[in-house]
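> pasting a predicted model and its sequence here:
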Amino acid sequence: MKLLEMRGIEKSFGGVPVLKGVSLTVEKGEVHALLGENGAGKSTLMNVLTGVHPRDGGTIWFDGQNYDTMTIRESERLGIAFVHQELNLFNDLKVYENIFLTHEYTTKFGALDKKRMKQEAADLFRQLGVEIDPDELVANLKTSQKQLLEIAKALFFQAKLLILDEPTTSLNNAEIDHLFGILRKLKEKGTSFIFISHKMPEIFDLADRYTVFRNGTYIADGNIADTTPEKITELMVGHSANAGELYQQREVGETVLKLTGLTGEGFHHIDLEVKKGQIIGLTGLQGSGSSELMQGIFGTTPVHSGSVEAFGKKVPANSIHKAMRSKIAMLANNRKENSVVPDMNLLENMYLAEHTLSATKFHIQKGKEQERFHRYQKLLNIKAQTSADGITSLSGGNQQKVFIARWLNTQAEILLLDNPTQGIDVGAKEEIYALILELAKDGKTILINTLEIPEIQKVADYCAVFYEGTIVKILSHSEINEKTVMLYSTGSGINEKEKVV
């Protein structure tokens, strides 16, 4: 039985068509994968459905009734909830306050009934098997806990249709399995889901049906059981994706980055040498120390002992500015919280880092900055009209290119890329991989942290596998595969006599 039917939906912004008569049908009690590259129109359609944007044409039927107009309040009343990839939580409020925001319980005297709200939040977390303290400040939660809180918040109000946009981005494997278990139970009870993801294994594990958009147009729909990841990818990009590896062997130089006994928050006793032009993949289960190591090298988290040397000189610990002075740059995980400055345009977002190094200059030379922007725009193939465009107007892949330009603009030679393709579509990922290889060919030294082994296979010369905060195995390019990496990531491949070489 149909829960949602959207037919012939049209939407334009500034006279530019974004949705060109697209359609989407979701059955009751199903997980429906909505697929397409960034800019295909998925988010715009969801914003039309939830009343954020009025539609220019087409019809919306929900639970058997036609809705000529759809507002945010109306969609909430109908039980439609949208959990965005970019989390919409208030860090300075407590967990329970975020859940009940605008839906607060009050006592008969009109005061906030905090005790009831905390209790019901605790009951919800217990039912979902989520370990979060309702009285904790959201700013103190891990990113994975914030993601689960956002989902739990939507589930609390018993949504009939839950839209999940890249919900597993910040979750480890165990948390993903747990979340999928919750979704399957809710599906059995009749809840429907629109699942937006670029991770094919998740789509084929969870979804029942799919719809593909490309460039604002409807391309195809069908049953997941009747297709393959390769066919879906071809529908999304309009041609067969590059199934072979992009990796290219290249000349490398002398050692430019040396870590000796490095110990800090979440990692310990790290010994690693990286040569000029090398690409080293870092991986392991989430929380195993690979991302934490990057943050320690760059000075964003404390280093307790050991040393970092760049180009033969010791890098002072616990100072981002001194790491930058040592020609080290870091593309941080979680674009929204750590990279995007939404009130600044593309030009300003790009030159932000460089101007922390040249702060003694009296003013910004706009002409020179424009020249640099256009140079990097051409080099990195940043798809934007002008440097005055807002950063949030770009797709995820193009945003990442702007942030890579931000760090190249500092004349950095050592690039720490923490999950650089997070939330990026298939086509844009291939562009990022090619860019990483090209930068390495030009002599940049690159460390890339990711949980996705195929990414490491596509670009890395070596892979350093982390387990419980330290490197337990370094694999050459030919040795990198899912089975071997997982063996060491879980501790199964380690014995007492084995040493990292």
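Received the coordinates, thanks.

> which SS class is the residue nearest in space to the middle of the chain?
Centroid-nearest residue in the chain, with C-alpha atoms, centre = their mean: Q422, separated by 3.2 Å. Following DSSP: H, G, I helix; E, B strand; the rest coil, the label given to Q422 is coil.

> OK, contacts around it?
T169, N333, N334, R335, G396 (C-beta atoms under 8 Å, 6 or more residues apart in numbering). Yep, even glycine has a C-beta here, placed from its N, CA and C like the rest.

> name the pair among the residues you listed with the greatest separation in space.
Across the contacts of Q422, the longest distance by C-beta to C-beta is 13.2 Å; it joins N333 and G396.

> secondary structure element for the residue of the chain most remote from its centre?
For the chain, the largest distance from the centre (C-alpha atoms, centre = their mean) belongs to F109, which lies 44.5 Å off. Per DSSP states H and E, F109 falls between elements, in no helix or strand.

> where does the protein have low pLDDT?
Scanning the chain for pLDDT under 70 picks out the ranges 38, 86, 239-245, 335-336, 359-364, 423, 425, 494-501.

> for E10, phi and psi?
As for E10, its main-chain torsions (degrees, to the nearest 10) stand at phi -120, psi 140.

> can you show me the strands along the stretch 151-300 of the chain?
Ranges of strands in the stretch 151-300 of the chain, per DSSP state E, counting those that start in this stretch, are 161-165, 192-196, 209-214, 217-223, 255-264, 267-275, 279-283.

> mind giving me the domain split of the chain?
Following the assignment in automatic domain parsing, the chain carries domains at 2-237, 242-327+413-501, 331-411.

> before we move on, the earlier item: torsion angles phi and psi at the residue farthest from the centre of the chain?
phi -100, psi 0.

> do the same with T386
According to degrees, to the nearest 10, T386 has phi -140, psi 170.

> distance of it relative to S393?
10 Å (C-beta to C-beta, to the nearest Å).

> ok, T490 next?
42 Å.

> quick one on the thing from earlier: can you say which of the strands of the stretch 151-300 of the chain is packed in most?
strand 279-283 (a mean of 26; mean count of other C-beta atoms under 10 Å).

> helices or strands up against that one?
helix 290-298, helix 426-441, strand 445-449, helix 453-459, strand 462-467 (3 or more C-beta pairs under 8 Å, 6 or more residues apart in numbering; DSSP states H and E).

> got a list of contacts for the shortest one?
If I follow you right, that is strand 445-449. Taking C-beta under 8 Å, 6+ apart as the rule, strand 445-449 contacts 256-257, 274-283, 290-291, 294, 333, 413-420, 436, 439-440, 455-456, 459-460.

> would you mind measuring from E97 to A152?
E97 is 14 Å from A152, by C-beta to C-beta.

> check S307 too.
43 Å.

> who has more neighbours out of the two?
Taking neighbours as other C-beta atoms under 10 Å, S307 and A152 compare with A152 leading, 22 against 14.

> follow-up on the earlier one: now the helices and strands packed on strand 279-283 in CSV, with distance to P201?
Shown next, in CSV, are these (distance: least, C-beta to C-beta, whole Å):
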stretch, distance to P201
helix 290-298, 20
helix 426-441, 13
strand 445-449, 20
helix 453-459, 10
strand 462-467, 19
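
> so which of these is nearest V16?
helix 426-441 (20.1 Å).

> hmm, who's touching the closest one?
37-38, 198, 233, 236-237, 241-242, 246-248, 250, 277-279, 380-381, 395-398, 400-401, 404, 408, 415, 417, 420-421, 424, 446, 448, 455, 458-459.

> and these, which of them are buried?
37-38, 198, 233, 236-237, 241, 247, 277-279, 380, 395-398, 400-401, 404, 408, 415, 417, 420-421, 424, 446, 448, 455, 458-459 (16 or more other C-beta atoms under 10 Å).

> keep only those of the residues you listed that are in helices.
233, 236-237, 380, 396-398, 400-401, 404, 408, 455, 458-459 (DSSP state H).

> and which of the residues you listed is nearest to R372?
R372 has its nearest neighbour among those in L408, at 9.3 Å by C-beta to C-beta.

> so who does that closest one touch?
A329, Y376, L439.

> switch to 6 Å and redo it
With contacts taken as C-beta atoms under 6 Å, 6 or more residues apart in numbering, L408 has no neighbouring residues.

> how close does it sit to T211?
Using C-beta to C-beta, one gets 38 Å for the distance from L408 to T211.

> all helices of the stretch 1-150 of the chain, in order?
For the stretch 1-150 of the chain, the helices defined by DSSP state H, counting those that start in this stretch cover 42-49, 72-78, 95-99, 114-128, 143-156.

> tell me how far the second one is from the chain's mean position?
Helix 72-78 sits 28 Å away from the centroid of its parent chain (C-alpha atoms, centre = their mean, to the nearest Å).

> put the alpha carbons of that helix into PDB.
Only the C-alpha atoms of helix 72-78 are listed here, as PDB (Å, rounded to 0.1, in the frame of the first residue of the first chain):
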ATOM      1  CA  ILE A  72       6.900  22.500   7.600                       C
ATOM      2  CA  ARG A  73       4.200  22.300  10.200                       C
ATOM      3  CA  GLU A  74       1.900  20.300   8.000                       C
ATOM      4  CA  SER A  75       4.700  17.700   7.200                       C
ATOM      5  CA  GLU A  76       5.400  17.400  11.000                       C
ATOM      6  CA  ARG A  77       1.700  16.800  11.700                       C
ATOM      7  CA  LEU A  78       1.600  14.100   9.100                       C
END
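
> what's in contact with that helix?
If you take C-beta under 6 Å, 6+ apart as the criterion, helix 72-78 is touched by T50, G51, F62.

> the second one and T71 touch, don't they?
Yes: taking contacts as C-beta atoms under 6 Å, G51 lies within contact range of T71: 4.2 Å.

> who's more crowded, these two?
Neighbour tally, G51 and T71, criterion other C-beta under 10 Å: the higher count belongs to G51, 20 against 13.

> ramachandran angles for that one?
phi 80, psi 10.

> how many other residues sit next to G39?
G39 has 22 nearby residues by other C-beta under 10 Å.

> show the contacting residues for it.
Contact partners of G39, counting by C-beta under 6 Å, 6+ apart, are S395.
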